[in-house]
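**Student:** got a sequence here, can you model it:
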Amino acid sequence: MGHVDTGKTKLLDKIRKTNVQEGEAGGITQQIGATYFEKSTLLTQTAKLNETEKFDLTLPGMLVIDTPGHESFTNLRSRGSSLCDVAILVVDLMHGLEQQTIESLHMLKNRGTPFVVALNKVDRCYAWKTCKDTPIRDALKEQSDGTLNEFRSRASDAKLQLQEQGVNSNIYWEMGDDDWENSDFVPLVPTSAVTGEGVQDILMLLCQIAQRKLWSQLMWCANLQATVLEVKAIDGLGMTVDVLVVNGYLREGDRAVFCTLDGPIVAEIRGLLTPPPSREMRIKSEYIHHKEIKGALGVKVIGNGLEKVMAGTSVLVVGPDDEVEDIKAEVMSDLTKLQDKLSTDKKGVMVQASTLGALEALLQFLREETKPPIPVSAIGIGTIHKRDVTKISIMNEKGCPEYATILAFDVPVEREAREQAEEVNVRIFTADIIYHLFDQFTRFMEQLTEKRREDAAAIAVFPSIIKILPQHVFNQKDPIIVGVEVVEGILKVGTPLCVPALGGLTVGTVTSIESNGREQETAKKGSSVAIKIVNESNPTITYGRQFDASHSLYSHLSRASIDALKLHFKEKLETEDWRLVVKLKKVFNII
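**Tutor:** Here you go, the predicted structure:
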């Protein structure tokens, strides 16, 4: 886990000596990926280190889940860490703890998940001498004093930053026995995902922690615990589902229950495939066929009717004593929770994503990061079709054109769907990196908000009460130019003024405000300014004839102007300004 670009996937690549990351959008891992390492692989990878450490490996293997690191991926990471026994928190030694690293740190602490910290990019230290794939202590012995001083300084900074987050830590070989027994103490491992220094150390530490602290938790149980990672078509196999089996068995012939947007489906498992050891589920390679697989393992499931299965949902198997309907309800529970969060008045945008986790992240963003929250009326997984565009276009008919929008994360859009969108005025925002999609939509909403504010400016009237300064009357006839004091509220250019004491006499509209010879748009309570008032409908209104300095002038509010203020300018008014609005509502008999 960790921040974008800290080197999480490269670290995993280095362990398995493949190159997944080059195939990832923007070099960032978007899906939860799983890689299984057999015991023999772990022994080979740690052989050199084991010459001095003499560590007895008893684990049968290790399954590594690579989780995305951007701040908007909280839900994807939550999904990852919920499957996790022990975690690697990757910290960029050059940058220290970054926002998403801190977020991941808090998540691990809250869940009580043991973890090690990889201080990655140690090779970026000045004049670092590469010692390819060696244990980190051997590599450090080859460095100059200057390089070692920089390393120690940066490692010390990382320790301080961790301490600020409530985490005590130390370079792992400097930890005492008491530190190892303390569950709150975290080992630090300097690494380079590029040149391989420290990778052996990470593997050995993970195995040590698992055997020392987690042995009771690592007991296998027969109850199936499985999650859909990805749904995709494979040449020669048809539609397949990548499943991470944490516990229990999956067998050919099992009746498995999957979650789809259209409801649960029951499908017979026709085939179980696994990649060769030390290859990741997402990378194409030759597959090994199985009659039965036992967790923990990543497996590709073949069956009929799997096209609509949702990534990120649970998989259950119908046992001989199970009620099918109960199993269906359990499988659908995650989706049901999401659907419960949709807009109750059926007004809102459509959100389409590649996985349930990504969908959760998008929904959370729209609910928590936008002010006001953006309502969602429909959700979907997978390709955007013409029918999706037709479905959301109804927002135009409901008088909510801003919600005639589809937010599409990492999913293709059919050509017919794009053509239909242009015809029915539906916007489709797409991105294969989730936070780019957020940026696009945020820009759109900012532009929309600004346009609406500009449109509403002609309707919105800010509340104010002003009194004329009789010694500063410069022109009595239209345009009337007088000096005034703002007694209450905010006076703005464009404000219509009236005299309630004279039956609501319309004086005119403020066309300019000046202070010390400079024009300005507003004048706040306590200000003394010169204003120009124009009355196009009745230019005969004259100061000294129909009204004078004994009469207070009020902003002429209406129901429509107050609504416009509430909708588009709420943050521009202080509490006392809203109290004045309430006062003026009574003056003008506004309900």
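
**Student:** per-residue confidence for the nearest residue to I490 once chain neighbours are set aside?
**Tutor:** If the residues on either side of it in the chain are set aside, I490 comes closest to F462, at 4.5 Å by C-beta to C-beta, 6 or more residues apart in numbering. No exception for glycine: its C-beta is placed from N, CA and C like everyone else's. The score at F462 is 94. That number is its pLDDT.

**Student:** quick one: residues contacting F462.
**Tutor:** Under the criterion of C-beta atoms under 8 Å, 6 or more residues apart in numbering, the neighbours of F462 are G489, I490, L491, K492, T495, T522, S555, L565, F569, K572, L573, D577.

**Student:** contacting residues for the last one?
**Tutor:** Pointing back at D577 there. Contacts for D577 (C-beta under 8 Å, 6+ apart) come out as F462, P463, G489, I490.

**Student:** among the residues you listed, which ones are in strands?
**Tutor:** G489, I490 (DSSP state E).

**Student:** mind checking which of the contacts of D577 are buried?
**Tutor:** The neighbour-count test (16 or more other C-beta atoms under 10 Å) applied to the contacts of D577 identifies F462, P463, G489, I490 as buried.

**Student:** where's the closest residue to I265 other than its chain neighbours relative to T442, distance?
**Tutor:** Nearest residue to I265, sequence neighbours excluded (C-beta to C-beta, 6+ apart): F258, at 5.3 Å. Noted for F258: a distance of 34 Å to T442, by C-beta to C-beta, to the nearest Å.

**Student:** what about these two, which has more around it?
**Tutor:** Neighbour tally, F258 and T442, criterion other C-beta atoms under 10 Å: the higher count belongs to F258, 26 against 15.

**Student:** would you list the phi and psi of L188?
**Tutor:** The phi and psi values for L188, taken as degrees, to the nearest 10, are phi -110, psi 130.

**Student:** shouldn't it be in contact with K159?
**Tutor:** Yes: shown here, L188 and K159 form a contact pair, counting by C-beta atoms under 8 Å, at 7.1 Å.

**Student:** any residues in contact with both of the two?
**Tutor:** Common neighbours of L188 and K159, counting by C-beta under 8 Å, 6+ apart, are S169, N170.

**Student:** neighbour count for these two, which is higher?
**Tutor:** The residue with more neighbours, out of L188 and K159, is L188; 24 against 19, by other C-beta under 10 Å.

**Student:** who's in contact with the more buried one?
**Tutor:** Residues in contact with L188 (C-beta under 8 Å, 6+ apart) are V116, V117, L119, A155, A158, K159, S169, N170, I171, Y172.

**Student:** can you pick the most crowded of those?
**Tutor:** In terms of neighbours by other C-beta under 10 Å, the contacts of L188 top out with V117 at 27 neighbours.

**Student:** given the helix or strand that contains that residue, what are its sheet partners and their directions?
**Tutor:** Here V117, judged by DSSP states H and E, is contained in strand 115-120. When sheet partners are counted by DSSP bridges, strand 115-120 sits next to strand 87-92 (parallel), strand 185-190 (parallel).

**Student:** mind putting those into a markdown table with mean pLDDT and distance to L244?
**Tutor:** Formatted as a markdown table, the strands paired with strand 115-120 follow (pLDDT from 0 to 100; distance: least, C-beta to C-beta, whole Å):
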| stretch | mean pLDDT | distance to L244 |
| --- | --- | --- |
| strand 87-92 | 89 | 16 |
| strand 185-190 | 93 | 26 |
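
**Student:** so of those, which one's packed in deepest?
**Tutor:** Greatest average neighbour count among the strands paired with strand 115-120 goes to strand 87-92 (a mean of 25), per mean count of other C-beta atoms under 10 Å.

**Student:** by contact count, what packs against the helix or strand just after it?
**Tutor:** Using DSSP H and E, the helix or strand that follows strand 87-92 towards the C-terminus is helix 99-111. The contact analysis (3 or more C-beta pairs under 8 Å, 6 or more residues apart in numbering; DSSP states H and E) places helix 99-111 against helix 74-82, strand 87-92.

**Student:** which of the three states applies to the residue nearest to L362 when sequence neighbours are not counted?
**Tutor:** Using C-beta to C-beta, 6+ apart and skipping residues adjacent in sequence, the residue nearest L362 is V351, 5.0 Å away. What DSSP: H, G, I helix; E, B strand; the rest coil gives for V351 is strand.

**Student:** check K451 too.
**Tutor:** Using three-state DSSP, the secondary structure recorded for K451 is helix.

**Student:** so where is the stretch 251-400 of the chain shaky, pLDDT-wise?
**Tutor:** Low-confidence segments of the stretch 251-400 of the chain (pLDDT under 70): 276-285, 343-345, 357, 361, 369-371.

**Student:** can you pull out the strands in it?
**Tutor:** Along the stretch 251-400 of the chain, the stretches classed as strands by DSSP state E, counting those that start in this stretch are 255-258, 265-274, 288-290, 292-294, 297-303, 314-317, 349-353, 376-381.

**Student:** can you pull the contacts of the closest residue to T522 other than its chain neighbours?
**Tutor:** The shortest distance from T522 to any non-neighbouring residue, by C-beta to C-beta, 6+ apart, is to K492 (5.0 Å). Contact analysis of K492 by C-beta under 8 Å, 6+ apart lists F462, S464, V510, I513, E521, T522.

**Student:** got these as JSON lines, with distance to L306 columns?
**Tutor:** JSON lines is the format used below for these (distance: C-beta to C-beta, whole Å):
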{"residue": "F462", "distance to L306": "59"}
{"residue": "S464", "distance to L306": "65"}
{"residue": "V510", "distance to L306": "67"}
{"residue": "I513", "distance to L306": "67"}
{"residue": "E521", "distance to L306": "61"}
{"residue": "T522", "distance to L306": "61"}
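
**Student:** may I see the PyMOL selection of the buried members of those?
**Tutor:** This is the PyMOL syntax for the buried subset of those, where burial follows 16+ other C-beta under 10 Å:
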select buried, resi 462+464+510+513+522
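
**Student:** care to break the chain down by domain?
**Tutor:** Domain ranges of the chain: 8-213, 225-337, 341-457, 464-587, per automatic domain parsing.

**Student:** would you turn these into JSON lines with distance to G2?
**Tutor:** Formatted as JSON lines, these follow (distance: least, C-beta to C-beta, whole Å):
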{"stretch": "domain 8-213", "distance to G2": "4"}
{"stretch": "domain 225-337", "distance to G2": "18"}
{"stretch": "domain 341-457", "distance to G2": "15"}
{"stretch": "domain 464-587", "distance to G2": "36"}
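
**Student:** and the ones you listed, which one is worst for confidence?
**Tutor:** Between the domains of the chain, the lowest average pLDDT goes to domain 8-213, which shows a mean of 79.

**Student:** end-to-end on that domain?
**Tutor:** Taking C-alpha to C-alpha, to the nearest Å, domain 8-213 runs 24 Å from one end to the other.

**Student:** this completes my enquiry, with thanks.
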